[in-house]
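K.L.:
Quick one: sequence plus predicted model below, questions after.
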Amino acid sequence: MTDASHPSACGDHETISQTTSFEPPRPTKPPHTAKMSNVSADLIWEVARLQNAFLVKRKASGGIQFSRDPLNLTNVHSRKYAGFVNDKAVGVVAGENGSIQVISKKVSAANKPASGRTVSTIGVSKANRKTYKSIANQVAKSGYRADLRQAAVARASALRASQRPVKPTPEPKLRGNAAKKAAEKSE
């Protein structure tokens, strides 16, 4: 069995086995490591404007649309206040034990949702005016989002007002003729 046509008889066995391999050639660089280009915020808004997880539509109220986005200061569904669309977004939410939390997005970590937020807490013991001043400075610092300053302070003010204890309503005093009649009966 030393036939010249048999591959083992010739020295070309390895050459034949390499060319008859059924494995596809491997790429030099895996496809999942290719860098993706960033998508503009305007394109994201146009795609997600009509349907997204934060959108709340109310047909009974004339078709008004609200947003449940925690980074939306006014809860109105609009491009300006949409936190999931903008690279720079600010949210003011109630914290534990009457505190206020200011949430802002990190521009450098736009592709990392878990570590892309900064949360700063303002405690209950801080005076209201100092709270509003610190929120205004934090929102408008170095040109972060100066257009959202008024909305952030208004949201913080509404949160502080909702956290105040409710005073009991006093009993109404009798006035005029009813008061005179009540005084005469008690005598």
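P.N.:
Received the coordinates, thanks.

K.L.:
For residue 42, pull up the helix or strand it's in.
P.N.:
helix 41-48 (DSSP states H and E).

K.L.:
Okay, buried residues for that helix please.
P.N.:
For helix 41-48, a neighbour-count test (16 or more other CB atoms under 10 Å) marks 41, 45 as buried. Placement of C-beta: from N, CA and C, glycine included.

K.L.:
List of residues touching the following helix or strand past it?
P.N.:
Per DSSP H and E, the first helix or strand lying C-terminal to helix 41-48 is strand 55-58. Residues outside strand 55-58 that contact it (CB atoms under 8 Å, 6 or more residues apart in numbering): 63, 64, 65, 66, 67, 68, 77.

K.L.:
Which elements pack onto the helix or strand that comes right after strand 55-58?
P.N.:
Next along the chain after strand 55-58, taking DSSP H and E as the criterion, comes strand 64-67. Here strand 64-67 touches strand 55-58, going by 3 or more CB pairs under 8 Å, 6 or more residues apart in numbering; DSSP states H and E.

K.L.:
quick one: strands adjacent to the strand it packs on?
P.N.:
Taking DSSP bridges as the criterion, strand 55-58 forms sheet pairs with strand 64-67 (antiparallel).

K.L.:
Quick check: which ranges of the protein have low pLDDT?
P.N.:
For the chain, applying pLDDT under 70 flags the ranges 1-37, 142.

K.L.:
And the strands in the chain, which stretches?
P.N.:
55-58, 64-67, 90-94, 100-105, 117-122 (DSSP state E).

K.L.:
Can you give me the distance of the residue nearest the centre of the chain to residue 187?
P.N.:
Geometric centre of the chain, nearest residue: residue 71, 4.1 Å, by CA atoms, centre = their mean. Separation of residue 71 from residue 187 (CB to CB, to the nearest Å): 66 Å.

K.L.:
what ranges do the helices span in this structure?
P.N.:
Per DSSP state H, the chain carries helices over the ranges 13-19, 41-48, 128-140, 149-163, 177-186.
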